[in-house]
Structure formats: structure tokens, C-alpha cells
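1. Here's my sequence, what's the structure:
(one chain, ligands or ions: 1)
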Amino acid sequence: MIKMKINIRSEVKNIAEEIISIRRDIHKHPELGFEVHRTAELVSKHLNKLGFDVSTGIGKTGVIGDLIGNNDGPTIALRADMDALPIQETSNLPYSSVNEGVMHACGHDGHTAMLLGAATVLKQFQDTLNGNVRFIFQPAEEGDGGARYMIEDGCLDRVDEIYGIHLWNYQKYGEVGVKEGPILAAADVFSIIIKGVGGHGAAPQGTVDAILVSAHLITALQSIVSRNTNPLESTVITVGQINGGHNFNVIADEIVLKGTARSYTEENRQLIKNRMQEIISGIAKTFSAKIDFTYTEGYPPTINDEAPFKKLMISAKKIVGDKCGFPYMSMGGEDFSYYAQKIPGCFFFVGSAPSNQELRSVPHHCSHFDIDENALLVGASIFVQLIEDQVINNR
Ligand code: NI
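-> All right, here's what the predicted structure looks like:
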């Protein structure tokens, strides 16, 4: 077996302990959504100490650090998210969450630590910058779309390109997953309320059984992905929640279904929404039920632009060699998509699967989530390399 070679940059190696200890500190003190006050303070203190131009309270609780060079070259933004999840940690790690019911189970603690590491290193190169670097630390990636608020507060003003990393436990340490075009899905949410007519379980005549209607509806909805969308274009419809009914001998009068729809293109997103409405109307008519349907568009699909994708490939290859560019896609959603809708951007995955575990045995959003912390050095090195290639050596 050929042992892969990872070129962690020496400047990053020098501060490896610091990066890891920042990640553990944030891991131990996770915060939700926009309430990332402690984390934002840790970030702004670190950047202030380094001598950055720091803006706080951006997008409610986000932080921006500017590393100003000359204005001849481009301004490149690097982005991290800071928020955790409402999960009770069961990892038993020495740096486990001390906040009841809150946990960094997606790796955003690592994203923040990596970006602070890159900031520490790049500060040393400030005099040689032919352009500027903007460090964006945003709140509320997990559902509330903190990116939108950051953009409203001007975080992309005068920025030419943006890059973002997600640590990724579905890939091994040393691998970088990225592709041009769609990389993460549109993540929409739907809710369906089926209203029937209840009655005695032994006397169905005259009733409209909401459970029977829901069974037909759930089955029919799955025909959208299998029969309406192009099989070469990934889509998902999941009914994740079903609630209703009263007792074994009572015909249910109401069922509530909740679920999510994922797609990589606006066309498929609209197709799913329209077909759902048609099927729901048809089933309602067939069974004489009344069905309310609410479809809420979540994050748009994350689309990587050609130019930043190509630049990322060049820089990342210098760090991980040919372990870069697995054409990785996920049906997950990311609010990085909002940045990439405004300016050219590239979002990529840095493999972080714990080396002592089977691949995929420590998934994101699980209560025993942890990462291979060496991946933090890979991510920080790629950020530094990107800036060296585009802002330092671009004369
Ligand atoms: Ni995440």
C-alpha cells in the first residue's frame, strides 16, 4: 500500500497545538444559532490580538476580520460557521460539551479553529499581500440561514471570491472532496395536514380515514423521485414525521406529515413542489379528504463556480496531492449557497473521519460525533495555500 503524503504547511504545523486547543475550547462550550456570543468573543479577541481590522455584531452575532494588503489585487473571503446543534453529547471526550443539550456535532468548532489558524499564519504575510483577505465567521448555519444576515450587513462588499470548508467524516483524513457545479442540495421543508372524518373503528361507513389517506399519499409521493425526475439528477423526498390517530378502535380524523425535499437544481425543486401539489389534490379528491399543504423553500443548492473551483484544485493539490477532487456531492444543505449566489465561490469537503473508527461510523449530527483533529491542519493549510496562490503570488 502506498502511504499518502500530506504536506501540512510548516507555519500551520508550528501552531498545530493552538488550533487544536481552540477547537477543543469551542467544542466544550457550544452555542446555538445566533446565540454564539462566547464563540464570537473568542474569535474577535483572537483577531484583535493579531492586529486585524475586526467588525463584530455582523449578521447579529457574526465576526469579520480584515487583513488589508494593497488594493491592486483581489479580495478573497474565507468563511467559517460557529454554531452547534441541540444534541446531548455522549462522546465522553475530555473536552465534551458542558452545555446541557447542546453539542458541536457537525464540526463547526473545527471550522472556526481552522480559519483562526489560517488567520494567525496569514498575518505573518500581510506585508506581501497583493490584495486583501476577509475572514468571515458566521452564526446560525444550522437552519436559520445566518449567511443571509451576514450578506445583508455587507460581508461580501468589495469581495471578489469566497471559499468555505466543511470537515467531512464520510471521507478519510487527507482527502478533499470537491466538484464544479452543484455540490450541496436545496433543502426544503414541507408539512401536510390531512383532515378526514373520524368514527368508530368497526363502522367505517361515513368516515374518511385520514390514516388510509396518508398511506396512499406517502406511497404516491415517492413516485415523484422514481418516475418524474431525471434519474441522472439526484433528488430526495423524505416523509420524516407522521402524527395522528387516537386509539386502536377509532378511525383517525387528522394526520400531520412533515418532511424534506432535496434537489440540485431550481428546475427539479419546482418540479417536486408542483408534482406534490398535484398528487395531494388528486388524493384529496379520491378519498374525499381535505389536505393542507405547506412547502417552504430552505437553503438554495450550493453551486461551485468554475474559476474558484479550478483555483481551489490547484492549491489543494499542493497540500493533499492526488487525494483531491473526489467529485463529492451531498444531499445536505448549506447556507454557503447564499454567498455563492452573490459572488463566485467554492465550497469543499475536508476528510475528517476519526482514524480509529470505521469510515462512516461517526456520522455528522450524531451524539458521539468527533473528528480526526489532524484534518484541521489540512484545512488551515489549504486556506493558507489558496491565499498564497491568489493574493501573494498574483503579481
Ligand atoms: Ni455543518
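2. Just to be sure, Gly174 is in a helix?
-> No: secondary structure assignment (DSSP: H, G, I helix; E, B strand; the rest coil) places Gly174 in coil, not in a helix.
3. looking at the chain, which helix or strand does the model trust least?
-> Counting by mean pLDDT, DSSP states H and E, the weakest-scoring helix or strand in the chain turns out to be strand 324-326, with a mean of 81.
4. Ile76 and Leu386 touch, don't they?
-> Yes: using Cβ atoms under 8 Å, Ile76 makes contact with Leu386 at a distance of 7.1 Å. Heads up, the C-betas are built off the backbone N, CA and C, glycines and all.
5. so what's in contact with those two at the same time?
-> When Cβ atoms under 8 Å, 6 or more residues apart in numbering defines a contact, the residues bordering Ile76 and Leu386 alike are Tyr163.
6. where do the strands sit along the stretch 151-300 of the chain?
-> Counting by DSSP state E, counting those that start in this stretch, one finds strands in the stretch 151-300 of the chain at the ranges 161-168, 176-177, 181-184, 186-195, 199-200, 235-244, 250-251, 254-263, 290-299.
7. Tabulate those in TSV, adding columns for mean neighbour count, mean pLDDT and distance to Ala220.
-> As requested, the strands of the stretch 151-300 of the chain are arranged in TSV below (neighbours: other Cβ atoms under 10 Å; pLDDT from 0 to 100; distance: least, Cβ to Cβ, whole Å):
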stretch	mean neighbour count	mean pLDDT	distance to Ala220
strand 161-168	26	98	34
strand 176-177	24	96	35
strand 181-184	22	93	27
strand 186-195	20	96	12
strand 199-200	14	97	24
strand 235-244	15	96	11
strand 250-251	18	98	21
strand 254-263	21	97	12
strand 290-299	16	96	12
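8. For Leu50, which of those strands is the nearest?
-> Each of the strands of the stretch 151-300 of the chain was scored for nearness to Leu50 using Cβ to Cβ, and the closest is strand 161-168 (19.9 Å).
9. Counting by contacts, list what the closest one packs against.
-> Taking 3 or more Cβ pairs under 8 Å, 6 or more residues apart in numbering; DSSP states H and E as the contact definition, the neighbouring helices and strands of strand 161-168 are strand 75-81, helix 108-123, helix 306-320, helix 336-342, strand 345-351, helix 374-387.
10. So in that sheet, which strands flank it, and in what orientation?
-> Partners of strand 161-168 in the sheet, by DSSP bridges, are strand 75-81 (parallel), strand 345-351 (parallel).
11. chain center to that strand: distance?
-> Strand 161-168 has its C-alpha centroid displaced from the chain centroid by 9 Å (Cα atoms, centre = their mean, to the nearest Å).
12. same thing with stretch 221-231?
-> When distances are taken as Cα atoms, centre = their mean, stretch 221-231 is centred 25 Å away from the chain's centroid.
13. which of the residues in it are buried?
-> Of the residues in stretch 221-231, those buried by neighbour count under the rule 16 or more other Cβ atoms under 10 Å are Leu221, Ile224, Val225, Thr229.
14. where does the closest residue in space to Asn169 that isn't next to it in sequence land in three-state SS?
-> Once its chain neighbours are removed from consideration, Asn169 has its nearest residue in Ala353; the separation is 4.8 Å (Cβ to Cβ, 6 or more residues apart in numbering). Each residue gets one of three states, and Ala353 gets coil by three-state DSSP.
15. which stretches of this structure have low pLDDT?
-> Along the chain, the parts satisfying pLDDT under 70 run over 1-4, 395.
16. show me the contacts for Gln277.
-> Listed by Cβ under 8 Å, 6+ apart, the contact set of Gln277 reads Phe293, Tyr295.
17. Give me the distance between it and Arg269.
-> Distance of Gln277 to Arg269, computed by Cβ to Cβ, to the nearest Å: 13 Å.
18. now Asp25
-> Distance from Asp25 to Arg269, by Cβ to Cβ: 39 Å.
19. Just want to know which of those two has more residues nearby.
-> Relative neighbour count places Arg269 above the other of Asp25 and Arg269, with 21 against 15, counting by other Cβ atoms under 10 Å.
20. Surely the more buried one and Asp188 touch.
-> Yes: counting by Cβ under 8 Å, Asp188 is a contact partner of Arg269 at 6.8 Å.
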